[in-house]
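Undergrad: predicted structure and sequence below. I'll ask about it afterward.
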Amino acid sequence: MNISRIQVIGQSHVKALREASEIRSLNFCETEETDIAIHWLLKERANGTKIGDVPLQTSLERAGELGPTDLLAVTILGSFHNAVGLLNHESPFTVLSENEKMSPKDIQETMIPHHVMRDIFRSQIAGPKLRRIRESTVAPIFHLATPPPKKDEDFILNRVNSYRSRSAHKSGISPSQFRLKLWQMEMEVLSESCAEFGITLLPPPPWTTDAEGYLEPVCYAPDATHANAFYGELVLRQLENLVGQELVEQRPMSQECADVG
């Protein structure tokens, strides 16, 4: 039997995938057709504390062992929308989407043009790192979209005291429509940037977003921006499908494997 290999490298958003993988192991739900390795990249914060456990160079060396029928997934970019838009700003601003038509007199906040916000997002794309990842392996590479925003502002406020050294209760959570707009804009820019290096942006799995595009509550992790193990399981299934596994719809979960939320 040929076993396809899937390697995932990333930062905090890999936690959901790791939790899903651990639940698979506990419930004996691991598939025999794929070998999945999930690397949380080692990073040192400004205060000296370290998060993650695998250096980038080690991950890239292992990626070099993958073949063209294997798969590399990365999740290292796509969170800047939270940095600029999760909390309300002291000087409120808004961003018009490309096709929105509004008169300046209708806008109370400072207006940032669509193309300017796109340029800001593009400035955060680590092109050299994407190139380095692309050159590390012959396997197809997918960059995972970050989970879309959580619409429930009270859920976020009840679980986050501060974000990036700012008080969440003092600042308040930005309106959900604004946060969704920023996420969509960043994903568009990330998709374009990844394509320049032969990397495909993988959208959130089916059934994880509502009709408006927000993250479904069943996928919420107990914080402001992350998804949970249920979401992680669906991402793992996406990746397995991409290396030739049967479609998710044709692989019903056992109750044990379904109960990951």
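TA: Looks like it arrived, so ask away.

Undergrad: okay, buried residues for stretch 116-135 please.
TA: Neighbour counts over stretch 116-135 (16 or more other CB atoms under 10 Å) mark 117-118, 120-121, 124-125, 130, 133-134 as buried. Every residue, glycine included, has its C-beta placed from N, CA and C.

Undergrad: list just the nearest of those to Ser162.
TA: The shortest approach to Ser162 among those belongs to Gln124, at 21.7 Å (CB to CB).

Undergrad: so how many other residues sit close to the nearest residue to the closest one once chain neighbours are set aside?
TA: With sequence-adjacent residues excluded and distances taken as CB to CB, 6 or more residues apart in numbering, Gln124 is closest to Phe80, at 4.5 Å. When neighbours are counted by other CB atoms under 10 Å, Phe80 registers 19.

Undergrad: and Phe80, what are its phi and psi?
TA: Taking degrees, to the nearest 10, you get phi -70, psi -30 for the backbone angles of Phe80.

Undergrad: identify the residues contacting it.
TA: 121, 124, 186 (CB atoms under 8 Å, 6 or more residues apart in numbering).

Undergrad: make a markdown table out of the buried residues of stretch 116-135 and add pLDDT.
TA: Formatted as a markdown table, the buried residues of stretch 116-135 follow (pLDDT from 0 to 100):
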| residue | pLDDT |
| --- | --- |
| Met117 | 90 |
| Arg118 | 92 |
| Ile120 | 92 |
| Phe121 | 93 |
| Gln124 | 92 |
| Ile125 | 92 |
| Leu130 | 96 |
| Ile133 | 97 |
| Arg134 | 97 |
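
Undergrad: export the residues you listed as CSV, with columns for distance to Pro217 and secondary structure.
TA: Output for those, formatted as CSV (distance: CB to CB, whole Å; DSSP: H, G, I helix; E, B strand; the rest coil):
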residue, distance to Pro217, secondary structure
Met117, 28, helix
Arg118, 30, helix
Ile120, 30, helix
Phe121, 27, helix
Gln124, 28, coil
Ile125, 30, coil
Leu130, 32, helix
Ile133, 33, helix
Arg134, 36, helix
